[in-house]
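Asks: heads up, no residue letters with this:
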């Protein structure tokens, strides 16, 4: 069982998420533009001719080994150029708490930064406003609620940790899941990351929500 010292606290692996809510919005994007935002050691997976997919993920961590915090992720689906399982690569991962930012960078190489994230829930929607450097990046409202069970899935996230390509195995599942687009709205701001997202040519595909998510994150393992 490995441990890490982060800002004077001990983090024991695996890191467990006992309760969180998560909204995911999938967009079709230009594959060449997507590849330009991913390290060349990873190949963006083509979902259809000339296209790839971007997942915009909004997570409210309520009970988590790294604390309670909000997180916004821009995620591409990739595989290692040298061969390996399909997985994900996170290009940006704003959070609103310092400890999870430090732990995410140190343990896994996740590109976390501490930013302003305002979340406004209603019984049927969840609105997320992300600002960085005082500028609006994203203002998005996603539908929430549902009754489906999401079985635990085993997944892989690829990162660069101190310049070394790594793979992190993780698993997630939960209850209160649904797929819907009713009530979905989004607006991109003027921040460079907003312009970066706009340059991908976002085309909405689907949106999902899970009210009570559990997850488990293992150590990051350097790729051979």
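Replies: Nice, I can see it. Just so you know, these numbers come straight off a predicted model, no measurement behind them.

Asks: which other helices and strands contact the top helix by length along the chain?
Replies: In the chain, ranked by residue count with DSSP state H as the criterion, the top helix is helix 192-199. Judged by 3 or more C-beta pairs under 8 Å, 6 or more residues apart in numbering; DSSP states H and E, helix 192-199 is in contact with strand 135-143, strand 185-188. Glycine gets a C-beta too; all of them are placed from N, C-alpha and C.

Asks: If we use 6 Å, what do you get?
Replies: strand 185-188 (3 or more C-beta pairs under 6 Å, 6 or more residues apart in numbering; DSSP states H and E).

Asks: Name every strand pairing with the strand it packs on and say which way it goes.
Replies: Neighbouring strands of strand 185-188 in its sheet, by DSSP bridges, are strand 135-143 (antiparallel).

Asks: Check the offset of the partner strand from the chain's centre.
Replies: Distance of strand 135-143 from the chain centroid (C-alpha atoms, centre = their mean, to the nearest Å) equals 15 Å.

Asks: hey, what's the spatially most central residue of the chain bridged with?
Replies: When C-alpha atoms, centre = their mean is applied to the chain, the residue found nearest the centroid is residue 73 (3.3 Å). Per DSSP bridges, the residues bridged to residue 73 are residue 57.

Asks: Please list all residues in contact with it.
Replies: 57, 90, 93 (C-beta atoms under 6 Å, 6 or more residues apart in numbering).

Asks: Let's test this: mean pLDDT of stretch 41-58, rounded?
Replies: Regarding stretch 41-58, the rounded mean pLDDT is 98.

Asks: What of stretch 176-187?
Replies: 93.

Asks: first to last residue in it, what's the distance?
Replies: Start-to-end span of stretch 176-187 (C-alpha to C-alpha, to the nearest Å) is 26 Å.

Asks: Helix, strand or coil: sort out residue 77 for me.
Replies: Under DSSP: H, G, I helix; E, B strand; the rest coil, residue 77 falls in the strand class.

Asks: now the angle from the strand ranked longest in the chain to strand 135-143?
Replies: If you go by DSSP state E, the chain has its longest strand at strand 203-222. Using axes from the mean of the first three to the mean of the last three C-alpha atoms, to 10 degrees, the inter-axis angle of strand 203-222 relative to strand 135-143 is 110 degrees.

Asks: Buried residues in strand 203-222, which are they?
Replies: Of the residues in strand 203-222, 205, 207-220 count as buried by neighbour count, 16 or more other C-beta atoms under 10 Å.

Asks: Which one of the residues you listed is nearest to residue 39?
Replies: Distances from residue 39 to the buried residues of strand 203-222, taken as C-beta to C-beta, are shortest for residue 220 (14.7 Å).
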